[in-house]
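**Student:** build me a structure from this.
(chains A and B)
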Amino acid sequence: MSRNFLETESPKWVEQGIISAEQQQQLLKLYPPDAKAIGLLPLLGSLLVGLSALSLVAANWQGLPEFIRMTLLISALLAAYSTGEYFLRRGNQSVGIGLVGLGLLLFGAAIILTSQMYQLIGYDVTGLVAWAVAGTALTYLYGSRFLFVLTVCIGGIVQGYNTGALGAFSYATAGLTALGLGYYWWRHPDSLLGGVFAAGLLWQTGLLINFLHIKITWFFVPAMLIYAFGDWQSDRPAGRAMQGPPLAAAFLFMLGLALYGEAGSYTNLLRPPLLAYLAALVVVLLISLAGKRARGRLESATDWLLLLPGFYLPGGLPLAVAALVVLYAYTGSMLWRAHREQNEERVTLGTALFILTTMVAYFKLTWEFMDKSLFFLIGGVLLLGLSWYLRRRNAQAFPTDKNQ
Amino acid sequence: MPEPQPLPHRQRWLLLTLLAQVLFIVAVAGAGYATMAYGRTITLRTTPVDPRDLMYGDHLVLNYTISRLPLNLWSEPTRPRRGTPVYVVLRPVGEAYEAVRVVAKEPAVPAEQVVLRGWVADNWRRGLRLRYGLEKYYVPEGVGKQLEKQATRHPMLVHISIAPWGQARITEAQVIK
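**Tutor:** Predicted coordinates for the structure are as follows:
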């Protein structure tokens, strides 16, 4: 219970005779004002001093001799790490880890600034890999979720810079973030980290696909490999969190295909050689299924319905219809599973996705044949009916919740 | 002060990580120095990428005469793929060096020629676009404004130092008047 809440609410309780004025004071004593808020002031003060030092250095950076610049970079790095360690020893976890994170950011800045100083930037992709290596090492050493997230971001930034500015993809960065952080997450399963990690890997996968100039649907082979990794995780919520981003990507892709696939002009971009693509996908499917079986979650295999390669159908209406069928198969199976498992959250999500799919389907299949007002009328009635029906199903599935 | 048991072990690793980071930064600086100290200096001709907006903050974007090469300089039987490293053989033509041929393996060349490593950025039917990692020049303080004014119209000469181990860096840039 927060002190704030007590302070605002407790006078009413006294007024209504629920508690006495003495009891109110006793209760308030139980929740003293947060001492940490006071500890924040020196921190903010030093932040301002630090910022002024930073702007002073930045303004004169080019004019400083190289030796001074190097000394400044290295001493800032050492200062951030050592004060971080000092705060950690004193038990101030958040400030300590924050400063270690600052040290890590300074390391990246030092690499970039030093290579600029000696005109070495952009020479090859190895320079910035060291940044991701340092982030991974610190994540293990401090066992910190914050540093994990920071390292995922650093990996993404390094890769974005490599492909964007240098026109090269650093496989070392990709492999390192995948294996190093993947192993950490495997040993210390966590939902938030799973989602962040999967999103970071997907970002790098996207950059790789773009860099290699191959058919964009190849994206889903590594994406589903990330999904399959989540299947093998014994911690179920963490595993599901890891699977969220790949599924979201597949769903959005299918939704886009249903909406715009009809154009047909770019469908050539979607079709890798059929046998090679299917073989690769089936291998990943088998890995995923084996994981699901080992962890007793075979019923979640319906997720794979999203990966049905409907995009091999000829462009135009068949393609859009195929995408819709895939979307309906997925959302339908999701709702069915949610009702069977009595999982209310998933029912809500499934309902939302189902309605979204229906809207797209309706828009796609009827726009050209129907008068617009009729279109909106029927669409509205259809959605209302659908939501009423699903609500009723919900009520039947969770009768206790509705009665309360 | 008694420490928990695993701490010294962790501390040792922390110190090692920190030391490695400092060493890495020093090594980057060392590579820059060494390339200049032991390298062979050549001059390349370059033209501004976008004459109206030459300065991107604190650096110039350079496009060399050897950044785009005709495919007939490529001496291998198969066409080069994007992203693969190549070796460009250069020889002096007038005040700057120009490309003689492009090969896949590092070649031995006569004394007046030099080899510069590059990467295939793009290839099309008749030509190659190469990336050398020398496309950005971080302009030193004071020189910036002057260069900016002059380089908008004139081509530039850039001095490159190539180390025996293949690394290259810009040492100086000047505008041809």
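
**Student:** break the chain down into its domains, please.
**Tutor:** As the question left the chain open, I've gone with chain A. A:1-34, A:218-371 (the TED database).

**Student:** meant chain B, my bad for not saying
**Tutor:** According to the TED database, the ranges for chain B are B:9-38, B:40-175.

**Student:** most tightly packed of the domains of chain A?
**Tutor:** Mean neighbour count (mean count of other CB atoms under 10 Å in any protein chain shown) peaks for domain A:218-371 among these, with a mean of 17. No exception for glycine: its C-beta is placed from N, CA and C like everyone else's.

**Student:** work out the gap between that domain and the centre of the chain.
**Tutor:** 18 Å (CA atoms, centre = their mean, to the nearest Å).

**Student:** what's the closest non-adjacent residue to A:Trp232?
**Tutor:** A:Gly291 (4.0 Å; CB to CB, 6 or more residues apart in numbering or on different chains).

**Student:** distance from stretch A:136-145 to the middle of the chain?
**Tutor:** With CA atoms, centre = their mean, you get 19 Å for stretch A:136-145.

**Student:** give me the contact list for it.
**Tutor:** Stretch A:136-145 is contacted by residues A:88, A:97, A:100, A:104, A:147-148, A:151, A:176-177, A:180-181, A:184, A:188, A:190, A:192-193, B:10, B:13-14, B:17 when judged by CB atoms under 8 Å, 6 or more residues apart in numbering or on different chains.

**Student:** could I get the domains of chain A as JSON lines with mean pLDDT?
**Tutor:** Below are those laid out as JSON lines (pLDDT from 0 to 100):
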{"stretch": "domain A:1-34", "mean pLDDT": "82"}
{"stretch": "domain A:218-371", "mean pLDDT": "83"}
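
**Student:** closest to A:Gln116 out of those?
**Tutor:** domain A:218-371 (33.2 Å; CB to CB).

**Student:** around chain A, pick out the residues from chain B.
**Tutor:** B:10, B:13-14, B:17-18, B:20-22, B:24-26, B:28-29, B:31-33, B:35, B:58-59, B:82-83, B:119, B:121, B:131, B:133-138, B:140-141, B:167-171 (CB under 8 Å from any CB of the partner chain).

**Student:** helices - which of these land there?
**Tutor:** B:10, B:13-14, B:17-18, B:20-22, B:24-26, B:28-29, B:31-33, B:35 (DSSP state H).

**Student:** name the nearest residue to whichever residue of chain B sits closest to chain A, ignoring sequence neighbours.
**Tutor:** Nearest residue of chain B to chain A, counting by CB to the nearest CB: B:Gly32, 2.4 Å away. Among residues not flanking B:Gly32 along the chain, A:Tyr118 sits closest, at 2.4 Å (CB to CB, 6+ apart).

**Student:** any idea how far the one you found lies from B:Ala173?
**Tutor:** 14 Å (CB to CB, to the nearest Å).

**Student:** neighbours of residue 172, how many?
**Tutor:** The chain I'm using is chain A. Counted with other CB atoms under 10 Å in any protein chain shown, the neighbours of A:Ala172 add up to 16.

**Student:** um, chain B though
**Tutor:** Using other CB under 10 Å: B:Glu172 sits among 15 other residues.

**Student:** and it, what pLDDT?
**Tutor:** What the model reports for B:Glu172 is a pLDDT of 80.

**Student:** so what's it bridging to?
**Tutor:** B:His159 (DSSP bridges).

**Student:** surely it and B:Met156 touch.
**Tutor:** No: B:Glu172 sits out of contact with B:Met156 when judged by CB atoms under 8 Å, with a separation of 10.4 Å.

**Student:** find residues that contact each of those two.
**Tutor:** With CB under 8 Å, 6+ apart, B:Glu172 and B:Met156 have no common neighbours.

**Student:** got phi/psi on residue 65?
**Tutor:** Since no chain was named, I'll use chain A. Dihedral angles of A:Pro65 (phi, psi; degrees, to the nearest 10) stand at phi -60, psi 150.

**Student:** wrong one, chain B
**Tutor:** Per degrees, to the nearest 10, the backbone of B:Thr65 is at phi -70, psi -30.

**Student:** mind listing what the spatially closest residue to A:Cys153 that is not a sequence neighbour touches?
**Tutor:** Once flanking residues are discounted, A:Cys153 sits nearest to A:Gly200: 7.2 Å by CB to CB, 6+ apart. A:Gly200 makes contact with A:Val152, A:Cys153, A:Gly155, A:Gly156, A:Thr177, according to CB under 8 Å, 6+ apart.

**Student:** mind running it again at 10 Å?
**Tutor:** A:148-149, A:151-156, A:159, A:177-178, A:181, A:226, A:245 (CB atoms under 10 Å, 6 or more residues apart in numbering or on different chains).

**Student:** isn't there a helix covering it?
**Tutor:** Yes: checked against DSSP: H, G, I helix; E, B strand; the rest coil, A:Gly200 lies within a helix.

**Student:** distance-wise, check it relative to A:Gln159.
**Tutor:** 9 Å.

**Student:** chain B contacts on the stretch 201-350 of chain A?
**Tutor:** Listed as neighbours of chain B in the stretch 201-350 of chain A under the rule CB under 10 Å from any CB of the partner chain: A:Phe211, A:Leu212, A:His213.

**Student:** can you flag the buried ones in those?
**Tutor:** A:Phe211 (16 or more other CB atoms under 10 Å in any protein chain shown).

**Student:** the helix or strand where A:Ala248 lies - contacts with which helices or strands?
**Tutor:** Applying DSSP states H and E as the criterion places A:Ala248 in helix A:236-260. The helices and strands touching helix A:236-260, judged by 3 or more CB pairs under 10 Å, 6 or more residues apart in numbering or on different chains; DSSP states H and E, are helix A:182-187, helix A:191-212, helix A:220-232, helix A:274-294, helix A:317-341, helix A:344-366.

**Student:** tell me the phi and psi of the closest residue to chain B within chain A?
**Tutor:** With CB to the nearest CB as the measure, A:Tyr118 is the residue of chain A nearest to chain B, at 2.4 Å. With angles defined as degrees, to the nearest 10, A:Tyr118 sits at phi -100, psi 20.

**Student:** can you tell me how far it sits from A:Leu278?
**Tutor:** 50 Å.

**Student:** how about the contacts made by the residue most central in space within chain B?
**Tutor:** Nearest to the geometric centre of chain B sits B:Leu134, at 2.9 Å (CA atoms, centre = their mean). By CB under 10 Å, 6+ apart, the residues touching B:Leu134 are A:119-120, A:122-123, B:44, B:46, B:62, B:64, B:66-67, B:116, B:118, B:158, B:160, B:168-170.

**Student:** how does it look with 7 Å?
**Tutor:** Applying CB atoms under 7 Å, 6 or more residues apart in numbering or on different chains to B:Leu134 gives the contacts B:Leu62, B:Ile160, B:Ala168, B:Ile170.

**Student:** what about the second one, how many residues nearby?
**Tutor:** When neighbours are defined as other CB under 10 Å, B:Ile160 has 25 of them.

**Student:** my guess is it contacts B:Glu172, does it?
**Tutor:** No: look at B:Ile160 against B:Glu172 with CB atoms under 7 Å: they stay out of range, at 9.2 Å.

**Student:** list the contacts of A:Arg393.
**Tutor:** With CB under 7 Å, 6+ apart, A:Arg393 has these contacts: A:His339.

**Student:** can you rerun that using 10 Å?
**Tutor:** A:Leu335, A:Ala338, A:His339, A:Val347, A:Thr351.
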